[in-house]
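A.B. asks: The sequence and its predicted three-dimensional model are supplied below.
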Amino acid sequence: MRMRPLEYNDIPAVLAIERASFPDPWAESSFADEIGRTDRSWKVAVSEERVVGYGGVMTVGDEGHLLDLAVTPDERGTGLGRKLVWELAADAARAGASRLTLEVAASNDIALALYRSCGFDVAGRRPGYYPSTGDDALLLWSRPLKPHLAAMRAAAAGEDIILAVESSCDETAASVMRGGREELSNVIASQVDFHSRFGGVVPEIASRKHTEAIVGVVDEALEAAGVTFEDCDAVAVTAGPGLVGALVVGLAYAKGVACSTGLPVVGVNHLEGHIYAARLLDPDLQPPLVALLVSGGHTMLVDVPRWGAYTVLGGTLDDAAGEAFDKVAKLLGLGYPGGPVISRLAAEGDPGAIPFPRPMLRTDDLDVSLSGLKTAVIQYVERERRGGRDLRIPDIAASFQAAVTEVQVTKTLKAVRGTGARAVVLAGGVAANPALREALRSALAAEDVPLSVPPLGLCTDNAAMIAAAAHDSLVAGRFLGLDADAVPGLRLDRKM
Ligand code: KG4
Ligand code: ZN
């Protein structure tokens with residue numbers, strides 16, 4: 001695919017796309033009039049000699065007005081629209097524009113999503129703007145062009161410096177990363193001590209502690225990296241999923257930095273971040289992959305045909321894996337979080353001591369269920385206590401862990417066989433579990449499929465993984481506007 005200036009010969013192809021895209025299409029003569037005007041730039045995107053998209057911009061003083069932009073229906077969702085926006089933005093910037101503006105029909109969801117993904121904000125509404133439909137127009141403005149274009153250029157060269165912030169749950173974290181792979185700093189302030197006496201994360205406390213910690217954590221990350229805000233190309237932030245009162249702290253902080261410095265903001269999906277953690281360890285890791293994402297809030301198997309594309313193959317029907325560890329630990333009076341304690345005790349126990357059930361082990365799907373296993377542990381403990389027998393905690397821990405592990409490993413193998421993945425990524429907080437790592441590694445070795453597991457510190461929540469994911473968004477020209485909200489239920493297959 002390449003971009004070149006619009007020519008007269010392109011007009012029939014452009015008209016066809018225009019008419020397939022808008023209820024109020026431009027006339028043929030209007031396109032012809034545009035060619036050769038010095039205050040305009042029109043570009044077409046050409047793939048295999050075929051025009052697949054086009055757009056035009058007019059520069060007036062320091063404003064670039066995006067006049068028209070469309071891509072063929074079969075190229076939608078490929079990032080081509082965003083490439084065209086930034087191509088025209090670069091032309092407008094060269095002609096003196098500091099920002100871009102445009103009108104878009106309020107009902108045109110596809111166009112709105114495109115401009116929002118470039119970081120444009122809605123600044124106003126013109127009622128009844130479109131004569132044939134009576135539809136309102138929304139007036140959109142980009143953020144400052146220069147820093148966004150510079151960040152994309154730096155990212156394409158692998159030299160971008162990203163400051164990333166993570167605050168989706170109970171860790172306030174910041175990291176500075178070069179080129180999406182070279183970690184310059186990675187600072188994590190855990191709140192776990194404040195939550196442990198309540199046996200789980202208390203959302204109000206999380207939100208307050210993030211507010212207290214975030215400025216200091218970012219300052220420390222910048223200092224450790226030896227950089228200032230001026231050295232950074234973008235600020236990245238976890239936009240979801242997570243606790244809404246926790247997410248908004250990071251997001252508001254990132255927007256504040258953006259307002260005062262002009263830096264672009266990149267929104268990152270937390271779950272995508274967990275998958276990218278594996279690439280920090282293993283720069284040559286290449287899709288097609290299967291990711292087993294196991295954390296306190298999520299348990300899912302994901303098909304990753306290429307970086308940035310995700311299909312959820314299956315997941316837990318009830319408790320997340322980390323949640324099951326936490327609940328069993330609570331039952332045994334081991335405190336919060338439960339995963340690390342259980343895995344430590346399990347190392348001293350016999351995994352075959354108690355035959356806990358393996359729910360859904362043999363079902364055809366890639367789903368799992370963990371609440372029945374948790375109930376079985378509760379019933380076992382009650383039975384032993386009623387019988388006046390001493391609980392052998394290491395045996396319970398080891399047997400419970402073995403049941404979780406066997407189900408996860410079996411379903412992961414099934415996913416690998418079903419997708420033809422060439423590697424597996426184990427990600428999320430529960431990936432810190434040594435028994436799961438080892439069982440998965442040896443099962444996959446038998447299939448000649450390598451397992452990639454981030455180092456322990458990158459398995460649990462951190463901002464380095466957010467920076468790693470943000471790098472690819474920068475390359476793709478994907479940004480957040482300043483009116484973007486946190487999305488507590490953000491799905492893995494949805495970008496911000
Ligand atoms: O990814 P994460 O830090 O936060 C979420 O996004 O949920 O995961 C935290 C979860 C907790 O449930 C914790 O108990 C679990 O990861 N975890 C472990 C281990 N270390 C942490 N689970 C099993 N074994 C471990 N060694
Ligand atoms: Zn997480």
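C.D. replies: Here it is on my side, so go on. Numbers count the residues shown, from 1 in each chain. Ligands and ions are numbered 1, 2, ... in the order given.
A.B. asks: interface residues of the stretch 301-450 of the chain facing ligand 1?
C.D. replies: Contacts of the stretch 301-450 of the chain with ligand 1, taken as C-beta under 6 Å from any ligand atom, map to 322, 325-326, 337-340, 343, 428-430, 432-433. All C-beta atoms are positioned from the backbone trio N, CA, C, and that covers glycine.
A.B. asks: Serialize the residues you listed to JSON lines and add fields for distance to Met177 and secondary structure.
C.D. replies: Below are these laid out as JSON lines (distance: C-beta to C-beta, whole Å; DSSP: H, G, I helix; E, B strand; the rest coil):
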{"residue": "Gly322", "distance to Met177": "25", "secondary structure": "helix"}
{"residue": "Phe325", "distance to Met177": "30", "secondary structure": "helix"}
{"residue": "Asp326", "distance to Met177": "30", "secondary structure": "helix"}
{"residue": "Pro337", "distance to Met177": "26", "secondary structure": "coil"}
{"residue": "Gly338", "distance to Met177": "31", "secondary structure": "helix"}
{"residue": "Gly339", "distance to Met177": "26", "secondary structure": "helix"}
{"residue": "Pro340", "distance to Met177": "26", "secondary structure": "helix"}
{"residue": "Ser343", "distance to Met177": "29", "secondary structure": "helix"}
{"residue": "Gly428", "distance to Met177": "20", "secondary structure": "coil"}
{"residue": "Gly429", "distance to Met177": "21", "secondary structure": "helix"}
{"residue": "Val430", "distance to Met177": "24", "secondary structure": "helix"}
{"residue": "Ala432", "distance to Met177": "21", "secondary structure": "helix"}
{"residue": "Asn433", "distance to Met177": "26", "secondary structure": "coil"}
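A.B. asks: Buried only: go through these for me.
C.D. replies: 322, 325-326, 337-340, 343, 428-430, 432-433 (16 or more other C-beta atoms under 10 Å).
A.B. asks: Save those as TSV, and put in distance to Gly250 and pLDDT too.
C.D. replies: Listed next are these as TSV, based on distance: C-beta to C-beta, whole Å; pLDDT from 0 to 100:
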residue	distance to Gly250	pLDDT
Gly322	21	96
Phe325	26	97
Asp326	23	94
Pro337	21	90
Gly338	26	93
Gly339	24	95
Pro340	25	95
Ser343	29	96
Gly428	19	93
Gly429	18	92
Val430	23	96
Ala432	23	93
Asn433	27	96
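A.B. asks: between these, which is closest to Thr72?
C.D. replies: Gly428 (38.4 Å; C-beta to C-beta).
A.B. asks: got a list of what the nearest residue to the closest one once chain neighbours are set aside touches?
C.D. replies: Nearest residue to Gly428, sequence neighbours excluded (C-beta to C-beta, 6 or more residues apart in numbering): Ser295, at 3.4 Å. Neighbouring residues of Ser295 by C-beta atoms under 8 Å, 6 or more residues apart in numbering: 274, 320-322, 428-430.
A.B. asks: and Thr261, how many neighbours does it have?
C.D. replies: For Thr261, the count of nearby residues is 14 (other C-beta atoms under 10 Å).
A.B. asks: Without its sequence neighbours, what residue ends up closest to it?
C.D. replies: Phe229 (5.0 Å).
A.B. asks: same thing with Phe22?
C.D. replies: Ala70 (7.1 Å).
A.B. asks: neighbours around the one you found, how many?
C.D. replies: Neighbours of Ala70 under the rule other C-beta under 10 Å: 23.
A.B. asks: Now do it against ligand 1, distance only.
C.D. replies: As judged by C-beta to the nearest ligand atom, to the nearest Å, Ala70 and ligand 1 stand 39 Å apart.
A.B. asks: what do you get for Leu263?
C.D. replies: Noted for Leu263: a distance of 26 Å to ligand 1, by C-beta to the nearest ligand atom.
A.B. asks: which residues touch that residue?
C.D. replies: Neighbours of Leu263 in contact, by C-beta under 8 Å, 6+ apart: 147, 151, 229, 232-235, 257.
A.B. asks: looking at this, Asp68 is in a strand?
C.D. replies: Yes: when DSSP: H, G, I helix; E, B strand; the rest coil is applied, Asp68 is found to be in a strand.
A.B. asks: what sits against it?
C.D. replies: By C-beta under 8 Å, 6+ apart, the contact list for Asp68 reads 18, 26, 54-56.
A.B. asks: cutoff 6 Å now
C.D. replies: Contacts for Asp68 (C-beta atoms under 6 Å, 6 or more residues apart in numbering) come out as Gly56.
A.B. asks: who does it bridge with?
C.D. replies: Beta-bridge partners for Asp68, by DSSP bridges, are Gly56.
A.B. asks: per-residue confidence for it?
C.D. replies: pLDDT recorded at Asp68 is 97.
A.B. asks: now swap in Ser30 and tell me
C.D. replies: pLDDT for Ser30: 95.
A.B. asks: So it versus Ala154, what's the distance?
C.D. replies: Taking C-beta to C-beta, to the nearest Å as the measure, Ser30 falls 37 Å from Ala154.
A.B. asks: Neighbour count: these two, which is higher?
C.D. replies: Neighbours were counted for Ser30 and for Ala154 using other C-beta under 10 Å; Ala154 has more, 20 against 12.
A.B. asks: Mind telling me what element that one is part of?
C.D. replies: Per DSSP states H and E, Ala154 falls inside helix 145-156.
A.B. asks: Stretch 299-314 vs ligand 2: in contact?
C.D. replies: No: residues of stretch 299-314 are not located near ligand 2 by C-beta under 5 Å from the ion, the shortest gap being 11.5 Å.
A.B. asks: who in the stretch 51-200 of the chain is up against ligand 1?
C.D. replies: Within the stretch 51-200 of the chain, the positions adjacent to ligand 1 are Cys169 by C-beta under 6 Å from any ligand atom.
A.B. asks: Tell me which helix or strand comes right after the helix or strand of the chain with the lowest mean pLDDT.
C.D. replies: Of all helical and strand segments in the chain, the minimum by mean pLDDT, DSSP states H and E falls on helix 192-196, at a mean of 81. Remark: after helix 192-196, the chain's next helix or strand is helix 203-225, criterion DSSP H and E.
A.B. asks: So which bits of that next one are buried?
C.D. replies: Neighbour count says helix 203-225 has 203, 205-211, 213-214, 217-218, 221-222, 225 buried, by 16+ other C-beta under 10 Å.
A.B. asks: Then stretch 185-196?
C.D. replies: 185-191, 195.
A.B. asks: Looking at these, which are in helices?
C.D. replies: Residues of the buried residues of stretch 185-196 located in helices (DSSP state H): His195.
A.B. asks: Strictly from the record, what residue spans define the domains of the chain?
C.D. replies: Domain segmentation of the chain under automatic domain parsing yields 2-142, 158-274, 287-421.
A.B. asks: Nearest to Ala470, out of those?
C.D. replies: Ala470 lies closest, by C-beta to C-beta, to one member of the domains of the chain: domain 158-274, at 3.3 Å.
A.B. asks: is the closest one up against ligand 2 anywhere?
C.D. replies: No: residues of domain 158-274 are not located near ligand 2 by C-beta under 5 Å from the ion, the shortest gap being 5.6 Å.
A.B. asks: Restricting to C-alpha, output the helix or strand harbouring Ser29 in PDB.
C.D. replies: Element membership of Ser29 [criterion: DSSP H and E] is helix 28-34. Extracted in PDB, the C-alpha atoms of helix 28-34 (Å, rounded to 0.1, in the frame of the first residue of the first chain):
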ATOM      1  CA  GLU A  28     -17.400  14.700  -9.600                       C
ATOM      2  CA  SER A  29     -16.800  18.400 -10.500                       C
ATOM      3  CA  SER A  30     -15.900  19.200  -6.900                       C
ATOM      4  CA  PHE A  31     -13.100  16.700  -6.900                       C
ATOM      5  CA  ALA A  32     -11.800  18.000 -10.200                       C
ATOM      6  CA  ASP A  33     -11.800  21.600  -8.800                       C
ATOM      7  CA  GLU A  34      -9.600  20.500  -5.900                       C
END
